[in-house]
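Participant: here is a sequence together with a model predicted from it:
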Amino acid sequence: QRQLVESGGGLVESGGSLTLSCTASGFALENYIIGWFRQAPGKERDIVSCINTQGDRTDYIDSVKGRFMVSRDNAKKVISLQMNSLKPEDTGLYYCAAVPFYYCSASSEASEYDYWGQGTQVTVSI
C-alpha cells in the first residue's frame, strides 16, 4: 500500500539545523507532488513547502524562505527538507504528504493532499 515515513526530527537549539526525510513506498513517486506540512499544538496543519514531480520547481511559505530547502530523489524514493537557522516558531509536528498529478503551491491546504505520513516532531528551544 502507499506509505510515507518521515524521519529526522528532534530537539535543536535556536539557530541550529535539521534535515527531515520522507521515504515513499508502494506507489510511483515520480507522479506525485510532495508537500511538507507542520502542525503546532492547538493549531491547524499548514503547508511549509512543496516540490513538483521532477524536483525542478519548489515553493515555500514566506517565513521559511532562505532557510529551508526541499529536494527529492525519485530513484531512491526520498524527499528531504533541509532546515537551517531554526527558530522556536518552527516547532511542530512535521508531515510529508503526496498528491498525484497536481501542482506545487505554498498556498495549498492540507485537504488538497491525499496521502500522509505519521509525522516527525521538531522542537526548537530558545
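Facilitator: All right, it came through fine.
Participant: what's the residue most central in space within the chain in contact with, if anything?
Facilitator: Centre of the chain computed as the mean C-alpha position; nearest residue by CA atoms, centre = their mean is W36, 2.1 Å away. By CB atoms under 8 Å, 6 or more residues apart in numbering, W36 lies in contact with 20, 22, 47-50, 70, 79, 81, 94-97. Any C-beta I mention is one placed from the backbone N, CA and C, and that applies to glycine too.
Participant: burial of E30, as a residue count?
Facilitator: If you count neighbours by other CB atoms under 10 Å, E30 ends up with 12.
Participant: how about the closest residue in space to it that isn't next to it in sequence, phi and psi?
Facilitator: Excluding its sequence neighbours, the residue lying closest to E30 (CB to CB, 6 or more residues apart in numbering) is N74, at 4.5 Å. Main-chain torsions, N74, degrees, to the nearest 10: phi -70, psi -30.
Participant: need the pLDDT of N74.
Facilitator: Looking at N74, its pLDDT is 98.
Participant: so that it lines up with my notes, have the first residue be 33 from now on.
Facilitator: Renumbered: residue one is now 33, and that last one reads N106.
Participant: what sits against it?
Facilitator: Going by CB under 8 Å, 6+ apart, N106 touches 61-62, 85-87.
Participant: most surrounded residue in those?
Facilitator: With neighbours taken as other CB under 10 Å, the top of the contacts of N106 is L61, carrying 24 neighbours.
Participant: what about the strands in the protein?
Facilitator: With DSSP state E as the criterion, the chain has strands at 35-39, 42-45, 50-57, 64-71, 77-83, 90-92, 100-105, 110-115, 124-132, 147-148, 152-157.
Participant: the second one pairs with which strands, parallel or anti?
Facilitator: Looking back up the chat, that one is strand 42-45. Here strand 42-45 is paired, per DSSP bridges, with strand 152-157 (parallel).
Participant: which residues does the spatially closest residue to G41 that is not a sequence neighbour contact?
Facilitator: Nearest non-adjacent residue to G41, counting by CB to CB, 6+ apart: T152, 3.4 Å away. By CB under 8 Å, 6+ apart, the contact set of T152 is 38-41, 52, 125-126.
Participant: rerun that using 7 Å as the cut-off
Facilitator: 38-41, 52, 126 (CB atoms under 7 Å, 6 or more residues apart in numbering).
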